[in-house]
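> When you get a sec, could you give me coordinates for this:
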Amino acid sequence: MPITKEFAIRLEDRPGTLGRLCQALAEQDINILAYQQFPNEKGKSSVRRVVDNPDKTKATLDRQRNDYTEAEPGANASFLILGAADAGKAVKLLEQASAASATT
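Numbers count the residues shown, from 1 in each chain. As a prediction, the model looks like this:
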């Protein structure tokens, strides 16, 4: 199992905060391989990302003065974790999307 770097970034829960972070990474040609976000405390959230270029990511986060930590997770593939208030409805939507992509 390959070892990759995971960055846990604390962000303010305000419109545009996540977008600015993604834009900064995109401008450096950094690809996000895995992503997770969850509320951390009132007005804050944690964003966890595995990226294809940890060195450039670290430099970008430092330049933007982001509050983050690094860890080394084992990984075999990219993954995405979604949270939904109505899991049944989310499953139906994912099944519909899967069926639609299989016919195209």
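
> where's the residue most central in space within the chain, which helix or strand?
Nearest to the mean C-alpha position of the chain, by C-alpha atoms, centre = their mean, lies residue 35 at 2.4 Å. Here residue 35, judged by DSSP states H and E, is contained in strand 32-41.

> Pull the number of nearby residues for the residue lying closest to residue 11 once chain neighbours are set aside.
Leaving aside its sequence neighbours, residue 11 sits nearest to residue 17 (C-beta to C-beta, 6 or more residues apart in numbering; 5.0 Å). (Each C-beta comes from the backbone N, C-alpha and C, glycine too.) Residue 17: 13 surrounding residues under other C-beta atoms under 10 Å.

> Please name every helix or strand in contact with the strand holding residue 35.
helix 17-27, strand 44-51, strand 79-80 (3 or more C-beta pairs under 8 Å, 6 or more residues apart in numbering; DSSP states H and E).

> go again using 6 Å as the cut-off
strand 44-51 (3 or more C-beta pairs under 6 Å, 6 or more residues apart in numbering; DSSP states H and E).
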